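Participant: Next come a sequence and a model predicted from it.
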Amino acid sequence: MASTRRVCRGIANKVVFAILCILSAYLLSKFLAIVKRGMLISTSDDVIFTEYSLERNFSNITVPARRLYEKNGFVSLQFLNLGYVNITKSWICNVECLGILPRVLFITTDEEAHRSLSEWKPELNVVLEKFGDGKAMAYGKVSYYRYGLFRVQVINRLLRKERIPVFETEADSYWLGDPVAYFNRYTDFDMIIMHNGCADMIPSGVINGGFLYLNATAGTLRVWNKLSRRIASVLARYDDKEKDIGIEGSEQIILGKILQSDRLKLQWLPIEKFTSGYWYMQAEVRKKADPIVILNNYINGNGEKVKRAKRWGHWSLSEEGDICIAEACRTAL
């Protein structure tokens, strides 16, 4: 009788083991399917799996980025879609006499933007990495922050895998000099950053997310990977890309919070040299500032940005959108 029970228990154990093997295989197949679609977000600060990073190695970007890095010691990046082409063209006209453009890699995210920019000035460094639908995006919408996450993760790839320092800029700005020449006075920093805001010429202590120089240090890599993970975690909660989530997905706000607890060697740029959109709004700022760069922020919508730039003589592109305004690069305040 005892031997019969032992035989039965042995058979039962084998059946249970077989069921567990089948179940494990099933769960593993589901897990791999999710990973293949790039929908799993890790809770680790060291790894992030999203649709933007898992299935792409960004070779369209990393190869030319490395070429520019080997020549210049860093790569300057600008991202744009079709809705941002004319603003980018105006910026190109604004800076073309400063010797900046050979260092810039323009990352277009739709075919029309790529064609428009590369055919307009073939000498530019322009690549295509498809993302989104090419339409203008409104601040606060999920689609806006998804594009921001894409940008963050491209930079993460260049920092983490390629060890390339990145100077991230945006075209909704007006430059009166080469900021990199100013950066040369700063050494041994993880990040060189700009104040966002500065009403009445008072330092805001809030980082601007569109004007950053990132050295590929261990600290920068750690913080930037946290930034990727946390933005992805926020956006994973929303399916409607047109939903307005306020500042919840803001790259610069999330980055600022990370830096409150993860201390890096930061160099803040002087507010009189690198000013925000308050330059347009406050006479006191204009009086005290001697800017190298003026950001055209604190205003919503590309159309309103263009109107403001034209009103202040900071628009450098013809009405037809194909010719630089004469001497636009040398226009002073």
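Facilitator: Okay, I see it.
Participant: Could you use CA atoms for every contact and neighbour count after this?
Facilitator: Noted.
Participant: ok, so what distance separates the residue nearest to the spatial centre of the chain from Ile207?
Facilitator: Centroid-nearest residue in the chain, with C-alpha atoms, centre = their mean: Arg151, separated by 3.3 Å. From Arg151 across to Ile207, the span is 17 Å (C-alpha to C-alpha, to the nearest Å).
Participant: now Arg222
Facilitator: On the measure of C-alpha to C-alpha, Arg222 and Ile207 end up 17 Å apart.
Participant: and if you look at Leu149?
Facilitator: Distance of Leu149 to Ile207, given as C-alpha to C-alpha: 17 Å.
Participant: Which parts of the stretch 101-250 of the chain are helices?
Facilitator: Along the stretch 101-250 of the chain, counting by DSSP state H, counting those that start in this stretch, helices occupy 111-120, 142-160, 179-183, 218-235.
Participant: how about the ones you listed in JSON lines, adding distance to Arg263 and mean pLDDT?
Facilitator: As requested, the helices of the stretch 101-250 of the chain are exported to JSON lines (distance: least, C-alpha to C-alpha, whole Å; pLDDT from 0 to 100):
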{"stretch": "helix 111-120", "distance to Arg263": "38", "mean pLDDT": "97"}
{"stretch": "helix 142-160", "distance to Arg263": "18", "mean pLDDT": "94"}
{"stretch": "helix 179-183", "distance to Arg263": "21", "mean pLDDT": "88"}
{"stretch": "helix 218-235", "distance to Arg263": "8", "mean pLDDT": "95"}
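Participant: could you dump those helices to a markdown table with distance to Pro102?
Facilitator: Formatted as a markdown table, the helices of the stretch 101-250 of the chain follow (distance: least, C-alpha to C-alpha, whole Å):
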| stretch | distance to Pro102 |
| --- | --- |
| helix 111-120 | 14 |
| helix 142-160 | 18 |
| helix 179-183 | 13 |
| helix 218-235 | 25 |
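Participant: Where does the prediction get shaky in the stretch 51-200 of the chain?
Facilitator: 51-56, 199-200 (pLDDT under 70).
Participant: mind listing the strands for it?
Facilitator: 75-80, 104-108, 125-128, 166-168, 173-175, 191-195 (DSSP state E, counting those that start in this stretch).
Participant: So which of these is nearest Asp244?
Facilitator: Proximity to Asp244, assessed across the strands of the stretch 51-200 of the chain by C-alpha to C-alpha, is greatest for strand 75-80 (21.2 Å).
Participant: Can you tell me the number of residues neighbouring the residue lying closest to Ser250 once chain neighbours are set aside?
Facilitator: Once flanking residues are discounted, Ser250 sits nearest to Tyr145: 6.7 Å by C-alpha to C-alpha, 6 or more residues apart in numbering. Residues near Tyr145, counting by other C-alpha atoms under 10 Å, number 25.
Participant: got a list of what Tyr145 touches?
Facilitator: Tyr139, Leu235, Gly249, Ser250, Glu251 (C-alpha atoms under 8 Å, 6 or more residues apart in numbering).
Participant: how about the strands of the stretch 51-200 of the chain in JSON lines, adding mean neighbour count?
Facilitator: Converted to JSON lines, the strands of the stretch 51-200 of the chain look like this (neighbours: other C-alpha atoms under 10 Å):
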{"stretch": "strand 75-80", "mean neighbour count": "22"}
{"stretch": "strand 104-108", "mean neighbour count": "23"}
{"stretch": "strand 125-128", "mean neighbour count": "20"}
{"stretch": "strand 166-168", "mean neighbour count": "22"}
{"stretch": "strand 173-175", "mean neighbour count": "23"}
{"stretch": "strand 191-195", "mean neighbour count": "22"}
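Participant: Between the two ends of stretch 184-203, what distance do you get?
Facilitator: First-to-last residue span, stretch 184-203, C-alpha to C-alpha: 22 Å.
Participant: and what of stretch 170-188?
Facilitator: Using C-alpha to C-alpha, one end of stretch 170-188 lies 25 Å from the other.
Participant: How about it, which residues are buried there?
Facilitator: Glu170, Ala171, Asp172, Ser173, Tyr174, Trp175, Leu176, Gly177 (16 or more other C-alpha atoms under 10 Å).
Participant: Grab the nearest non-local neighbour of the third one.
Facilitator: When you say that, I think you mean Asp172. Asn296 (5.3 Å).
Participant: ok, back up a step: closest one to Lys89 out of the buried residues of stretch 170-188, please.
Facilitator: Comparing the buried residues of stretch 170-188 against Lys89 with C-alpha to C-alpha places Ala171 closest, at 8.3 Å.
Participant: for the residue lying closest to that closest one once chain neighbours are set aside, what are its contacts?
Facilitator: Leaving aside its chain neighbours, Ala171 sits nearest to Thr88 (5.1 Å; criterion: C-alpha to C-alpha, 6+ apart). Going by C-alpha under 8 Å, 6+ apart, Thr88 touches Leu80, Ala171, Asp172.
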